[in-house]
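# Quick one, what's the 3D model for this:
(chains A and B)
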Amino acid sequence: MKRAAPALALVALALSPLLGMEPRVYLTLTVAGLAMGMLIFLVASGLTLIFGLMDVLNFAHGALFSWGAYAGFSAVVLLNGWTGWAESPSVLLNALSLLAALAAAVLVALALGVVLERVIIKPVYGQHMFQILITLGATIVLEELIRIVWGPNDQVMPVPMSVQGSWDVADVIVLRVPVIAIGLGLAVYAGMLALLHRTRVGLIVRAGVESGEMVQVMGHNIHRYFTAVFALGSALAAVGGLMWAVFRQSVSPAMGGEQLIFAFIVVIIGGLGSVTGSLVGALMVGLSYNYVAFLFPKTALGVNMALMVLVLLVRPTGLFGAAR
Amino acid sequence: MRAGPSTGPGAFRARPRPRWSDPTVWLRLAALAVIAAMPLVVPSFQATDLAIKIAIFGTLVASYDVVIGYTGIVSFGHAMYFGFGAYAVALCLGRFGAPTYGNLLLGFVIGAAVSALVAGLIGAFSLRVKAIFFAMITLAFAEFAGILAVQWSALTGGEDGLSPKLPGVFAVAYDGGRLLGVPVTGKLVTYYAVLVLCTALFLLMARFVVSPLGRALQAIRDNELRAEALGVPTFVLQIVSSTFASMVAATAGGAYLIWVRYVNPESALGVPVMLDVLLMVIIGGIGTLWGGLIGAAVLLTARLVLPDLRGLAVLLGGSEVAQRLTARWLLIFGILFIVVVFFFPRGVLGTAREALRRRPGRVPGDRS
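Prediction:
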């Protein structure tokens, strides 16, 4: 019963607006909310690894998000310049150009993640205050580098033709990008669960978080694993950034900062280190944001904060957080 | 053990008051004198504006230091109280009343009262959760206050903010003739009023942190469990500390308003202000109180000077890359910031004190 409580809360939350609106509007809002939740989950999942598992307060996560978006943006633009893949009507070529963008985003973020972890995170493990400060500094530098490389203004992200538009399912308009986001989010969720709980690497990382010394005594180079986890978290941020750019069809240097607070809220609502918690938290945030934005437009931005405060007051460790 | 200056039970006993032979007292007086002399010696507006803003933000940062450095509570909502103070004064003078001295005073009182109430409530509700969660909750409240200030434009003027008129001697049009050859303008009177206010707040905080209450707070910071076991009511004292600091921050916010004569969400209430305060407290040194002045001086001066580096682009050959590099002075700032955090993690004052502490003999000015 106790384990099911957060899921029940999510279902109750998802059903509650039915009291006050038409079913059709409700369905549209729910799909939009789920998609937004999944997009947030993509960002938050990386943070779950870095903040939840390794206990590193990485404020540079938002900057990595922007870097991923810009790397993917460049890949699509360059490819389109050479081959016209993004503009061609072929679904296959469109998908290829998005995959190339994904690969570019992930590679750039992996490289950045390794550098960040080795150079500035490693000396400050276990010191929250300094993690905040140093990653804030890194955020400033990374964002400014974006402005130097790509220019300071917003740019339009060329989105492949077959990804744009919508399907019409039984009078409910279903945009394509959100569906892709939901699919990608579920895939990332399944992949992370499998990695953490079904593989040897996941076992070592989880053990390393519990007791780093013990794992080292057993002959595993825990630093290397932590670098890898950090890079993986960065890559997830980049994937989130790319999806966000496709969703919004634009990129801007400050886009990551806006998402960072969302992601932190989600990780805290879900409970530190729990992937399932992040997913539930992200869906809660996405759904409640969309419902409230429809019913009471002016209060929409405050609702996430209210949700977080409420959850923490009821359960100080978050929905799925273990009492530590 | 006996020789250790700040460890062991001896640290709990209040130290003797600073004597006049203590060099740091003179340093503080010198800083005050420099700021006080600024409008008389350097008549440029930029210089006086910088000097008084250093005083105001130094006070704000010191009040944050009371919370983070002396009590060990990490709050991201402290700048919110600064905004409350500024908005309270602006509303009392502009929207809800005529610019009179009574309303000015009322604004300060209301700002401090509202801040105390909010800080007390937030503390009572959420100080029991884990430290990092408390930080996020306060961030959430700060964010919410910022949104409220933007959305509730009927009251706050939204993004445009408020620009109230000030009463009597503070008004722009006030002309007090000449005093010792210096033209007494409304701006000058305001300058000294703000300076007196900030000095008073600073003295108040300096007294607060060495009081028995302040000592108990430091005990909580160093080891909360131990403090609790010794019978210190940790929860209540943490609330008292954050409430006190919020009132100081609100008063500093009021001072900011009467100097700038303008307040909007971005300049006084939002998360960016909080980031500035965080940077300042680190640059100056956590747990030093007076480091706030140094932090404010460094950051505000950098803000003023670094954008002017654009001229360097011409020297670097005027290429586009060089121009972009120098136009983005924040990049240089960010790198400087990382370097400072790496090599002077205790800030300017903290590092200086550590160096002094390593020297044998007396430890001047160590009151942390």
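
# Can you show me the CA trace of stretch A:74-94 as CSV?
Only the C-alpha atoms of stretch A:74-94 are listed here, as CSV (Å, rounded to 0.1, in the frame of the first residue of the first chain):
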residue,chain,number,x,y,z
SER,A,74,24.3,22.3,-36.0
ALA,A,75,24.2,18.7,-37.1
VAL,A,76,20.8,19.1,-38.7
VAL,A,77,21.7,22.4,-40.3
LEU,A,78,25.0,21.1,-41.8
LEU,A,79,23.4,17.9,-43.0
ASN,A,80,20.6,19.7,-44.5
GLY,A,81,23.1,22.0,-46.3
TRP,A,82,24.9,19.0,-47.8
THR,A,83,22.1,16.6,-48.5
GLY,A,84,18.8,18.3,-47.9
TRP,A,85,17.7,15.4,-45.6
ALA,A,86,15.7,17.4,-43.3
GLU,A,87,13.6,19.0,-46.1
SER,A,88,13.1,15.8,-48.1
PRO,A,89,9.7,14.2,-47.9
SER,A,90,11.3,10.8,-47.2
VAL,A,91,10.6,9.6,-43.6
LEU,A,92,13.8,7.5,-43.6
LEU,A,93,16.0,10.5,-44.5
ASN,A,94,14.2,12.7,-41.9
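
# Any chance you could list what contacts that stretch?
Stretch A:74-94 has contacts (CB atoms under 8 Å, 6 or more residues apart in numbering or on different chains) with A:96-98, A:100-101, A:103-105, A:150, A:157-163. To be clear about C-beta, it is placed using only N, CA and C from the backbone, and glycine gets the same treatment.

# ok, 6 Å please
The contact list for stretch A:74-94, computed with CB atoms under 6 Å, 6 or more residues apart in numbering or on different chains, reads A:97, A:100-101, A:104, A:158, A:160, A:162.

# Looking at those residues, point me to the pair that's furthest apart.
Spanning the widest gap among those are A:A104 and A:S162, at 19.8 Å by CB to CB.

# Between the two, which has more neighbouring residues?
A:A104 (22 against 17; other CB atoms under 10 Å in any protein chain shown).

# Sticking with the more buried one, tell me its helix or strand.
For A:A104, the host element (DSSP states H and E) is helix A:91-116.

# Just checking: the least confident one among the contacts of stretch A:74-94 is which?
When these are compared by pLDDT, A:S162 scores lowest at 66.

# Spatially central, which residue of the chain would that be?
This is for chain A. A:V43 (1.2 Å; CA atoms, centre = their mean).

# Switch to chain B, please.
Closest residue to the average C-alpha location of chain B: B:L60 at 1.8 Å, with CA atoms, centre = their mean.

# got a list of what the nearest residue to A:A207 once chain neighbours are set aside touches?
Sequence neighbours aside, A:V215 is the residue nearest to A:A207 in space, at 5.1 Å (criterion: CB to CB, 6 or more residues apart in numbering or on different chains). Applying CB under 6 Å, 6+ apart to A:V215 gives the contacts A:207-208, A:222.

# go on, A:V156?
Residues near A:V156 by CB under 6 Å, 6+ apart: A:S250.

# burial of the residue of chain B found nearest chain A, as a residue count?
Going by CB to the nearest CB, chain A is nearest to B:G334 of chain B, at 3.2 Å. Neighbourhood size, B:G334 [other CB under 10 Å]: 21.

# can you check the one 4 residues further on too?
For B:I338, the neighbour count with other CB under 10 Å is 20.
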